[in-house]
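Q: Here is a sequence together with a model predicted from it:
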Amino acid sequence: MKLKKPLFWDLPKPNFFSYLLIPFTFPIIIKNFINKFFKKKKLLNIKKICVGNIYLGGTGKTPLTIKLYKILRRLNKKVSTVKKNYPKQKDEQLILKQKTSLIIVKDRKNAIPEGLNRKCEYLVFDDGLQDPSIDYNLKFLCFKAKNWIGNGQIIPAGPLREKISSIKKFDAVFLNGFSKNIKKIKNQIKSINSNIKIFRTFYKILNLKKYEKKSKYLIFSGIGNPDDFKDILTENGFNIGQELIFPDHYNYTHNDFNYILNNAKKNKFKILTTEKDFMKVPNNLKKKINFLSIELIIQNEKSLIKLLKN
């Protein structure tokens, strides 16, 4: 059974439950320490970019991976994306396969000979910053600006895979969405790594004209941060009648879709979901369910292009 993210993870400070779980964070801290001593193979004939996170789930890695792929293609570079073959992440694999040239591997280091075989100049890895076997040329870190680092604790006491001090080993941070504390967040990042590049990113709806704002919608999602989906809809004037939230990478059942369809029919709601969740909708139901098509917009994209070229 997949569980939803604990609410106390995103509190401004650790609470009683968080402190109670701190002893269970030690195995991850030890693992991160050991990873520092792994010798990584340096390969100069293919450039490797990793898009990852230290905040567990829902930080916008896949949209950024797709965006980087498109930028590099515009620069006439031969590029492929890489995704490790996690059986429960077929949705992300399908999106990457549709929108990029994708390499799927059981072990990320196996993507390198495949990339060389395809004569790639660049490989963009979707996830894998904690993989000690690869020496990445560029390491990009993704955060939701709204959540930032939550309560700042390591899993399971909080949402972090590594301590926030690990920012010193990355090349750029991408802050997705809005936050009233954005200046404070930037100052905290720069206090740890004064040389790191910081980019702001936002989502743009590509198929907005397709939808009637006056209609009421039943929305459902099984993503890391379902609030992001709801927020972009409310910001664009959608009338949300009902919201159904499932765990990240959820495998929908026949009964789940019956429940969604029956609720929408009873309340005369139209149905809307994310593009990632739409990948899991059976073909016979796809005419009854719509999805939101989005694109990642990067502020100061020229500065990112300069970083990629260098």
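A: Perfect, I can see it now.
Q: Helices of this protein, start to end?
A: Ranges of helices in the chain, per DSSP state H, are 16-21, 26-35, 61-74, 90-99, 111-117, 182-192, 226-235, 254-267, 275-278, 301-309.
Q: Quick one: closest of those to residue 124.
A: Smallest distance to residue 124 across the helices of the chain (Cβ to Cβ): 5.1 Å, for helix 61-74. Quick note: C-beta positions are derived from backbone N, CA and C, even for glycine.
Q: ok, back up a step: turn the helices of the chain into TSV, including mean pLDDT, distance to residue 7 and mean neighbour count.
A: As requested, the helices of the chain are exported to TSV (pLDDT from 0 to 100; distance: least, Cβ to Cβ, whole Å; neighbours: other Cβ atoms under 10 Å):
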stretch	mean pLDDT	distance to residue 7	mean neighbour count
helix 16-21	90	10	14
helix 26-35	84	21	12
helix 61-74	97	23	21
helix 90-99	93	24	18
helix 111-117	95	36	17
helix 182-192	97	21	14
helix 226-235	93	12	18
helix 254-267	97	23	14
helix 275-278	94	22	20
helix 301-309	95	34	13
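Q: Among the ones you listed, which comes closest to residue 248?
A: helix 226-235 (8.8 Å).
Q: packing partners for the closest one?
A: Judged by 3 or more Cβ pairs under 8 Å, 6 or more residues apart in numbering; DSSP states H and E, helix 226-235 is in contact with strand 197-205, strand 216-221, strand 239-245, strand 290-292.
Q: at 7 Å what do you get?
A: Here helix 226-235 touches strand 216-221, strand 239-245, going by 3 or more Cβ pairs under 7 Å, 6 or more residues apart in numbering; DSSP states H and E.
Q: now the angle between helix 226-235 and the longest one, please.
A: Translated: strand 239-245. Going by axes from the mean of the first three to the mean of the last three Cα atoms, to 10 degrees, strand 239-245 is angled at 170 degrees with respect to helix 226-235.
Q: Now do strand 239-245, average pLDDT.
A: Averaged over strand 239-245, pLDDT sits at 96.
Q: Same question for the first one.
A: Averaged across strand 216-221, pLDDT comes to 97.
Q: Pairing partners for it, with directions?
A: Here strand 216-221 has these sheet partners by DSSP bridges: strand 239-245 (parallel), strand 270-274 (parallel).
Q: and it, which residues are buried?
A: 217, 218, 219, 220, 221 (16 or more other Cβ atoms under 10 Å).
Q: Name the nearest of these relative to residue 176.
A: residue 221 (16.0 Å).
Q: related to what we said a few turns ago, export the helices of the chain to a markdown table and tack on distance to residue 10?
A: What follows is the helices of the chain, written out as a markdown table (distance: least, Cβ to Cβ, whole Å):
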| stretch | distance to residue 10 |
| --- | --- |
| helix 16-21 | 11 |
| helix 26-35 | 19 |
| helix 61-74 | 18 |
| helix 90-99 | 22 |
| helix 111-117 | 33 |
| helix 182-192 | 14 |
| helix 226-235 | 10 |
| helix 254-267 | 26 |
| helix 275-278 | 21 |
| helix 301-309 | 28 |
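Q: List just the one of these that sits closest to residue 161.
A: helix 26-35 (7.0 Å).
Q: what distance separates that closest one from the centre of its chain?
A: With Cα atoms, centre = their mean, to the nearest Å as the basis, helix 26-35 stands 23 Å off its chain's centre.
Q: pLDDT score assigned to residue 4?
A: We have a pLDDT of 70 for residue 4.
Q: I'd say residue 161 and residue 56 touch.
A: Yes: using Cβ atoms under 7 Å, residue 161 is in contact with residue 56, at 6.2 Å.
Q: Report the set of residues contacting both of these two.
A: The contact sets of residue 161 and residue 56 overlap at residue 155 (Cβ atoms under 7 Å, 6 or more residues apart in numbering).
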